[in-house]
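**Student:** test case, fold it:
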Amino acid sequence: IHSCQPCFGPHLRRYVFFCDKGYQDTDTVISSVTTKVKGIALTNTSDLGLRIWDAADYVIPAQVASRREEEESSFFVLTNLIITPNQTQSCCAENPGPRSSCSTDQDCEKGLVNKHKTGMQTGRCIQFSASEKTCEVLAWCPLEKEANPPDPPLLAEAEKFTVLIKNGIHYPKFHFRKRNILPHVNSSYLSQCVFNRTTDPDCPIFRLGDIASEAGEDFQTMAVHGGVMGVQIRWDCDLDWPESWCVPTYTFRRLDNKDLKNNVTTGYNFRFAKYYKNERGQESRTLFKGYGIRFDIKVFGTGRKSSALPILLNLGASLGLLGTVSINLENVYKVLKLCGKNISIIFQKYFYIMKYKYISFLFNTNSVTECCI
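**Tutor:** The predicted structure is shown next:
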C-alpha cells in the first residue's frame, strides 16, 4: 500500500501547483468606469417639428444607476418617445376606464384620486368624445395620449451613436494599476477607431448597434420599447508575465426579460417633462414618455501572482491528502483480509473504481496502476 505514495506524490503536486496554479496568490479587481456618448439624430414630428437631437437631449442622467459595491455603472440612451405638448394645470375629461366613464354627475366622486389615472375628479360628468362621457379631472391637460410607441422608433439613428468607455482597474494586493486605454492608443487613433474584435480589439469606443448585434439582438426592434443591455469587461491577469499581456476582454448580452409569450410590461420606459412659463407667469409643460436602452457595465476579474504563502499552504495540504489516501487504502485492505476473500482480485476492482471515479482527475492513472497493482 505504501508503495503508492511515490506514484501519487508527483502527480498531486503537478495538479496543485501547475494545473490549479497553487503557487500564486490572488486578488479581486477594483474598478472605476466613466462613459461619454456621442451622436446626432434628426426627427420631424407634428408635436416638435424639425429637431436635432444631441447627447444632451437623449442621454438621461436620472436613469443612470451606479452600484459601487458591485463595480457596476450605467448609461441610458433615449430611442423612442410619445410626446404630449402644451399641458397646463386645468380641468378636462379623463380617459375612459372603469372608474372614469359616466352618464351623469352622480357617477363621479368629487375628490377621488385613482392611482392608475392622472388627476383628481371634480364631480362633474362631461363629454370626452362625440359618443362618450367621462368624469372631469383636475390635472395636467390635455392628458397623455394612450398609444403604442412609434414603430419604427423616433430616434432610429441611435443605432449609429458611439460610447467611449474608460475603465481603470486596480489589484491593491499587488500594487498593480491599469486602464483599458492601452499605452499604444493615442488621440489620433481614438478619433477614428470603433471597436471590432478582428481589426480593432483594443479600441474603447463602441457603436451601440454593434453592442446589440454581438448580444444577438436587433437594435431597431429593441429601440421601440427599450430594454437593458449588459457590457461585461473581464480582467483576468497573470502578473508573473509582462504587463502588456494584461488586457480586458469584452462581452455583451441582453439583461432584461424578453418573453415573446408574455409581452406585458416588457421594455424600458419612464416619463419626464420640460417646464415653461409665459410672460404672464402661467406654467406649462411638455410631457415625454421616453423609451430607451440602459447599458449596464459590469467589471470583474482576478489577478494572480507568485507568492511564498500559497506555496507553503498547498504543499502542506497535498502532503496531508497523501496521508489520507494511504490510510484509506490500508483500511480497505484490512477489511478485505478479514472477509477471507481473494484479496488480490477484490483490491484490484476497488482500485479500478477509485481510479476512474474519484482520483483520475488528479493523477496520471496509467503510472499509478503500474505502481500499485
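**Student:** in this protein, which helix or strand is least confident?
**Tutor:** Lowest on mean pLDDT, DSSP states H and E among the helices and strands of the chain sits helix 365-372, with a mean of 42.
**Student:** quick one: contacts for residue 219?
**Tutor:** Residue 219 makes contacts with 158, 159, 208, 209, 212, 213, as judged by C-beta atoms under 8 Å, 6 or more residues apart in numbering. The way it works is simple: take the backbone N, C-alpha and C, and place the C-beta from them, glycine included.
**Student:** tell me the secondary structure for the fourth one?
**Tutor:** Put plainly, it is residue 209. Per DSSP: H, G, I helix; E, B strand; the rest coil, the local secondary structure of residue 209 is helix.
**Student:** thought it was touching residue 156?
**Tutor:** No - under the criterion of C-beta atoms under 8 Å, residue 209 is not in contact with residue 156, lying 10.4 Å apart.
**Student:** pLDDT weak spots in this protein?
**Tutor:** Flagging of the chain using pLDDT under 70 yields the residue ranges 1-23, 62-72, 260-263, 307-373.
**Student:** need the contacts of residue 219 in CSV (columns: distance to residue 177).
**Tutor:** Shown next, in CSV, are the contacts of residue 219 (distance: C-beta to C-beta, whole Å):
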residue, distance to residue 177
158, 34
159, 35
208, 29
209, 33
212, 32
213, 33
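**Student:** between those, which is closest to residue 118?
**Tutor:** residue 158 (28.6 Å; C-beta to C-beta).
**Student:** so the closest one lies in a strand, does it not?
**Tutor:** No - read with three-state DSSP, residue 158 is helix and lies in no strand.
**Student:** now it: how far from residue 250?
**Tutor:** 20 Å (C-beta to C-beta, to the nearest Å).
**Student:** more neighbours: the two, which one.
**Tutor:** Each of residue 158 and residue 250 has its neighbours counted (other C-beta atoms under 10 Å); residue 158 has more, 24 against 18.
**Student:** so that one touches residue 79, yeah?
**Tutor:** Yes - at 4.9 Å, residue 158 counts as touching residue 79 under the criterion of C-beta under 8 Å.
**Student:** what touches both of the two?
**Tutor:** Both residue 158 and residue 79 are contacted by 58, 223, 293, under the criterion C-beta under 8 Å, 6+ apart.
**Student:** closest one of the residues you listed to residue 41?
**Tutor:** Looking across the shared contacts of residue 158 and residue 79 and measuring by C-beta to C-beta, the closest to residue 41 is residue 58, at 7.1 Å.
**Student:** any chance you could read off phi and psi for the residue lying closest to that closest one once chain neighbours are set aside?
**Tutor:** Nearest residue to residue 58, sequence neighbours excluded (C-beta to C-beta, 6 or more residues apart in numbering): residue 78, at 4.0 Å. Taking degrees, to the nearest 10, you get phi -70, psi 130 for the backbone angles of residue 78.
**Student:** who's residue 78 bridged to?
**Tutor:** Per DSSP bridges, residues listed as beta-bridge partners of residue 78: residue 292.
**Student:** residue 200 now?
**Tutor:** Here residue 200, judged by DSSP bridges, has bridge partners residue 196.
**Student:** hmm, residue 194 and it touching each other?
**Tutor:** Yes - with contact defined as C-beta under 8 Å, residue 200 reaches residue 194; the gap is 6.5 Å.
**Student:** tell me which of those two has more neighbours.
**Tutor:** residue 200 (15 against 12).
**Student:** do you know how far that one is from residue 210?
**Tutor:** For residue 200, the distance to residue 210 - C-beta to C-beta - is 11 Å.
**Student:** now swap in residue 197 and tell me
**Tutor:** Distance, residue 197 to residue 210, by C-beta to C-beta: 10 Å.
**Student:** more neighbours: those two, which one.
**Tutor:** Taking other C-beta under 10 Å, residue 197 and residue 210 do not tie; residue 210 has more neighbours (17 against 10).
**Student:** test my guess that that one contacts residue 194.
**Tutor:** Yes - using C-beta under 8 Å, residue 210 is in contact with residue 194, at 7.5 Å.
**Student:** sec struct for the residue nearest the centre of the chain, please.
**Tutor:** Residue closest to the mean C-alpha point of the chain, counted by C-alpha atoms, centre = their mean, is residue 230 at 3.3 Å. Going by three-state DSSP, the secondary structure assigned to residue 230 is strand.
**Student:** pretty sure it contacts residue 253?
**Tutor:** Yes - using C-beta under 8 Å, residue 230 is in contact with residue 253, at 5.1 Å.
**Student:** domain ranges for the chain?
**Tutor:** Following the assignment in automatic domain parsing, the chain carries domains at 2-22+307-372, 26-85+150-304, 95-141.
**Student:** that older thread, any shared contact partners between residue 230 and residue 253?
**Tutor:** Counting by C-beta under 8 Å, 6+ apart, the shared contacts of residue 230 and residue 253 are residue 215.
**Student:** tell me the contacts of residue 189?
**Tutor:** Going by C-beta under 8 Å, 6+ apart, residue 189 touches residue 203.
**Student:** wait, is it part of a strand?
**Tutor:** No - read with three-state DSSP, residue 189 is helix and lies in no strand.
**Student:** number the chain from 21, please
**Tutor:** OK, 21 is where the count begins now, so the last one is residue 209.
**Student:** ranges for the helices of the stretch 121-270 of the chain?
**Tutor:** 207-210, 228-234, 239-245 (DSSP state H, counting those that start in this stretch).
**Student:** can you list the buried residues in the last one?
**Tutor:** Right, helix 239-245. By neighbour count with 16 or more other C-beta atoms under 10 Å, helix 239-245 contains the buried residues 239, 240, 242, 243, 244, 245.
**Student:** could I get those as JSON lines with distance to residue 170?
**Tutor:** Shown next, in JSON lines, are those (distance: C-beta to C-beta, whole Å):
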{"residue": "239", "distance to residue 170": "15"}
{"residue": "240", "distance to residue 170": "12"}
{"residue": "242", "distance to residue 170": "14"}
{"residue": "243", "distance to residue 170": "10"}
{"residue": "244", "distance to residue 170": "8"}
{"residue": "245", "distance to residue 170": "11"}
